[in-house]
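*Asks:* got a sequence here, can you build the structure:
(one chain, ligands or ions: 2)
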Amino acid sequence: MTMPPGDGTSGGGPPGEVPPGEEVPIASNDDVVRVRQLVRAAAAAAGLSLVDQTKIVTAASELARNTYAHGGGGTMRVEQAGGRGRRGVRIVFTDEGPGIADVERALGEGWTSGAGLGLGLSGARRLSDEFDLRSEPGKGTTVTVAKWSR
Ligand SMILES: Nc1ncnc2c1ncn2[C@@H]1O[C@H](COP(=O)(O)OP(=O)(O)OP(=O)(O)O)[C@@H](O)[C@H]1O
Ligand SMILES: [Mg+2]
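*Replies:* Ligands and ions are numbered 1, 2, ... in the order given. Here you go, the predicted structure:
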């Protein structure tokens, strides 16, 4: 299988080692790097422009960091998406962490429960074509994003 060039980051195995649709663990900073590589490869394979690849990689990176830092670790799944004459990627992040008590507040720019800038979720939403956040306090959080080629 021939893979497009990587993300310019090192670490992890060769991109493409994990088949699309497989669940990838997010339990370390190295895993966040790996998420970037996998999403870059999937976005290129879906025909997204370089600019759109970078947008969805940036969104995925923020969401992976949240899964790791706030969710206590979790998983990521990236898949080719399409139908109705369009092509793209869909990425799902899941954790069983503390959840988000006030989703509207968390989605606002500049709100953080920690030492961050509070720009990750709002940035990820802005950079994606589809954004869905489901969270139940005490149970966990699932964020789904999609980007379409244009
Ligand atoms: N997976 C998650 N589980 C629990 N809480 C979360 C999760 N993702 C986000 N949050 C909550 O939403 C807040 C806002 O997230 P956001 O990514 O916008 O900012 P941040 O992570 O605090 O800072 P940064 O700008 O570095 O991303 C977080 O501070 C956290 O309280
Ligand atoms: Mg964040």
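*Asks:* need the residues of this protein near ligand 1, please.
*Replies:* Proximity of the chain to ligand 1, by CB under 6 Å from any ligand atom, involves residues 62, 66-67, 70-71, 95, 97-100, 106, 111-114, 116-122, 141. Every residue, glycine included, has its C-beta placed from N, CA and C.
*Asks:* same thing but 5 Å
*Replies:* Within the chain, the positions near ligand 1 by CB under 5 Å from any ligand atom are 66, 70-71, 97, 100, 106, 112-113, 116-121, 141.
*Asks:* quick one, which of those residues are buried?
*Replies:* The neighbour-count test (16 or more other CB atoms under 10 Å) marks 66, 70-71, 97, 100, 106, 118, 120-121, 141 as buried among the residues of the chain next to ligand 1.
*Asks:* and ligand 2, which of the residues you listed reach it?
*Replies:* Filtering these for proximity to ligand 2 by CB under 5 Å from the ion leaves 66, 120.
*Asks:* ok, which stretches of the protein are helices?
*Replies:* Secondary structure of the chain (DSSP state H): helices at 29-45, 50-69, 103-107, 120-127.
*Asks:* looking at the ones you listed, which is nearest to Arg77?
*Replies:* Of all the helices of the chain, helix 29-45 sits nearest to Arg77, with 9.7 Å by CB to CB.
*Asks:* on that earlier part again, can you lay out the helices of the chain as TSV showing mean pLDDT?
*Replies:* Formatted as TSV, the helices of the chain follow (pLDDT from 0 to 100):
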stretch	mean pLDDT
helix 29-45	96
helix 50-69	98
helix 103-107	97
helix 120-127	98
